[in-house]
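Visitor: Have a look at this prediction, sequence included:
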Amino acid sequence: MIMSAANIKIIICIVIVLTVLGCATSAVYATGISTSVAQNNTKSLMDMSIEELMNIEVTTVTRRAQKLSEVASAVFVITQDDIKRSGVTSIPEALRMAPGVEVARIGTDKWSISIRGFNGRFANKLQVLMDGRSVYNPLFAGILWDQQDTLMEDIERIEVIRGPGAAMWGANAVNGVVNIITKKAIDTQGMLLSAGGGSFEQGFVNARYGGKINNNSPFRFYAKGFTRDRMNAVAGVADGNVNDAWHSARGGFRLDHTRGIDQFTLQGDIFYNAQGDRLDKLLLSAPIIQAEAARGKSKGGNLRLRWDRTISEKSSIMLQTYYDVVDYRMLTWADVYTESFDIDFQHRFPLFDRHDITWGANYRLYHNKVFDTELITLRPREQTNHLASAYLRDEITLIPEKLQLTLGSRFDHNDFTGLEIQPNARLMWMPNIYNSAWISFSRAVRTPSRSENDVRLNAQTLNEIPGASGLIPFPVLAQILGTPSLNSEKLLAYELGYRRQFTPQASVDIAAFFNDYSRLRDLSAGLPAFVASTAPHLVLPVNLTNQASGHTYGVEVSADSRPLENWRLQLSYSYLNMHIQSDSSLKGLDPTTGSAAKASPQHQVSLRSNYDLSDRVQFNLWLRYVSSVDFYSIPRYITMDTKLTFKPVKSVELFLVGQNLLKQNHRESVSDFIPTLAAYIPRGIYAGAQWRF
């Protein structure tokens, strides 16, 4: 199904009209101010007014609970009800709901995910947390999304902060922070079983049991497994097999204990993935590079311990520590063993009448061992890195319940660039309970990864030497070399936002930003060298520099309305404009910087419609539009997901889900640095059942 530009415009107009109509209609159903946030947490979204949704508490921005309507930052909350109604089966797919977030699937187990640009498989400016545990990988600077999973029913909410979060979360929280927050053990009591399967989601089974040691010590255990089909290659292989079928098993537990003003949490997970990869031999000419298709595996686990002491409404202490280990083996390009240890302390207390102080300290140890592959070599093979930091934040009440100023900074010391200072200032104005406006200024840094210091990467085979004229009789292998003197990338960010609650059934949230980047990573070509072997070729050394710079600006809008008591509409729109200055002739090797302006869509639209046909039947629809990605020659696309749910009895739920329904397949992204074969994202359908008791 191919859609013309006219059809696309018509669909976008329909989206806007539906949302505006919903906002207008919602006034008829407006009611007074409803219940407290504590009551909200026990309701489904269809039982809550938009006013109650604006009062949902978020914690990631300031490391303390705040009402969403009072947060001086661009925040979007993906709730458990959003996840359930959408039919998504992974955290990356759930992130498509948030405005400003770019989610593009590369293959069955691979995604490009970023916020406000610089997207790629190894996007390096996004900090991701699981219950406050950082999963950002300092070995290569990015997130391995196939390793970030949990039982989807156990996620309470996902808080997505667009814009720098470095003052609270440190280096690499440059363009945003994603915090996946799971439910407390007390909220997952009883037994849950679910299973199903279909075309692409070939089969899955989930189980969870929650109980109590005593009234103060609830716990839960969970296990899940799934198998997902391989995708088809865009081009390059006769059989069209990308070799990326994915089989996964995961399990975990959580134990909460309350004693007076103290709360303790012990939580852990283990996982095993069997997956595959296939390199694009058109980009890595044989016989220079022999590797092509291979199956691999990743396995690992983590253990987290947290202590919270609530002294008063404005005074608390938190201490958290965790250990994480991963063994990742994809013999075409990666054979890595990593382990990390982290300890984090935080203290909050009031000072005088108008100051709310939060301070803390953090230490992280990261050990890794990297074995040689045909594509990647690191020297030294084994290394341990350390990060120590401290942070301070002061929330100053200038006019009670009207005007608030927040000042803060984080001080990080890392092994690569030494001391990094990342300040932040935010001003929040709330003239009344229906309107709020905010403005902020932030400085953030993206520190170099170990790979950027120590790697030798056989990146791509070229037909010519960039900048040189004349015919080259031999293929040219571009070999990216780490640079120990690489500096941190810098960002100065300016943001402003406005929230308006028109009625208890309609609201809008608008955020605009201007980001000024300096010392961005860039590439510089050295002198080629001839290699006489069974396959004579030239090796072109490519060095990493900090010569690029740029600026980006954009706007993000999300609107929420309840036209009818049993119908909810959610619209989001994102606009991004990027300007990158780079003199490199090798921009094509690093789309995450040199060609970043062409590697991200400029426009994204999402419309979700949740409709309860009755107490037993729900019909949910999700329509998305993404503009073209010129760097990869990916055309704009529109896609739609649906989910139909039927509850024959209270404890049983049957569901039918359709994914990417408007076309048989479409493209979304291409792997950067590691030349994995580009794949088509297929249409899919799956059915299943869930039983709670």
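Guide: Arrived safely, thanks for sending. Numbers count the residues shown, from 1 in each chain.
Visitor: Can you get me a residue count around residue 235?
Guide: Using other CB atoms under 10 Å, residue 235 has 9 neighbouring residues. All C-beta atoms are positioned from the backbone trio N, CA, C, and that covers glycine.
Visitor: The one 10 residues further on now?
Guide: Neighbour count of residue 245, defined by other CB under 10 Å: 19.
Visitor: The closest residue to residue 216 other than its chain neighbours is in what secondary structure piece?
Guide: Computed as CB to CB, 6 or more residues apart in numbering, the closest residue to residue 216 that is not its neighbour in sequence is residue 258, at 4.8 Å. If you go by DSSP states H and E, residue 258 is part of strand 246-259.
Visitor: how about the CA coordinates for that strand, as PDB?
Guide: C-alpha atoms of strand 246-259 as PDB (Å, rounded to 0.1, in the frame of the first residue of the first chain):
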ATOM      1  CA  TRP A 246      15.600 -13.700  18.400                       C
ATOM      2  CA  HIS A 247      15.000 -16.200  21.200                       C
ATOM      3  CA  SER A 248      15.000 -14.800  24.800                       C
ATOM      4  CA  ALA A 249      14.500 -16.000  28.300                       C
ATOM      5  CA  ARG A 250      14.500 -13.800  31.400                       C
ATOM      6  CA  GLY A 251      13.600 -14.000  35.100                       C
ATOM      7  CA  GLY A 252      13.800 -11.900  38.200                       C
ATOM      8  CA  PHE A 253      12.500 -11.100  41.600                       C
ATOM      9  CA  ARG A 254      11.700  -8.100  43.900                       C
ATOM     10  CA  LEU A 255      11.500  -8.000  47.700                       C
ATOM     11  CA  ASP A 256      10.300  -4.900  49.500                       C
ATOM     12  CA  HIS A 257      10.400  -4.500  53.300                       C
ATOM     13  CA  THR A 258       9.100  -1.600  55.400                       C
ATOM     14  CA  ARG A 259      10.200  -0.900  59.000                       C
END
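Visitor: and it, which strands flank it?
Guide: According to DSSP bridges, strand 246-259 forms sheet pairs with strand 218-228 (antiparallel), strand 262-278 (antiparallel).
Visitor: Make a markdown table out of these and add mean neighbour count.
Guide: Below are those laid out as a markdown table (neighbours: other CB atoms under 10 Å):
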| stretch | mean neighbour count |
| --- | --- |
| strand 218-228 | 19 |
| strand 262-278 | 19 |
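Visitor: Any chance of JSON lines for those strands, columns mean pLDDT and distance to residue 568?
Guide: Compiled in JSON lines, the strands paired with strand 246-259 are given as follows (pLDDT from 0 to 100; distance: least, CB to CB, whole Å):
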{"stretch": "strand 218-228", "mean pLDDT": "97", "distance to residue 568": "28"}
{"stretch": "strand 262-278", "mean pLDDT": "95", "distance to residue 568": "32"}
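Visitor: do you know which of these lies nearest residue 206?
Guide: Nearest of those to residue 206, taken as CB to CB: strand 218-228 at 4.5 Å.
Visitor: quick one: contacts of the closest one?
Guide: Here strand 218-228 makes contact (CB atoms under 8 Å, 6 or more residues apart in numbering) with 89, 108-109, 149-151, 154, 184-186, 188-189, 200-213, 245-256.
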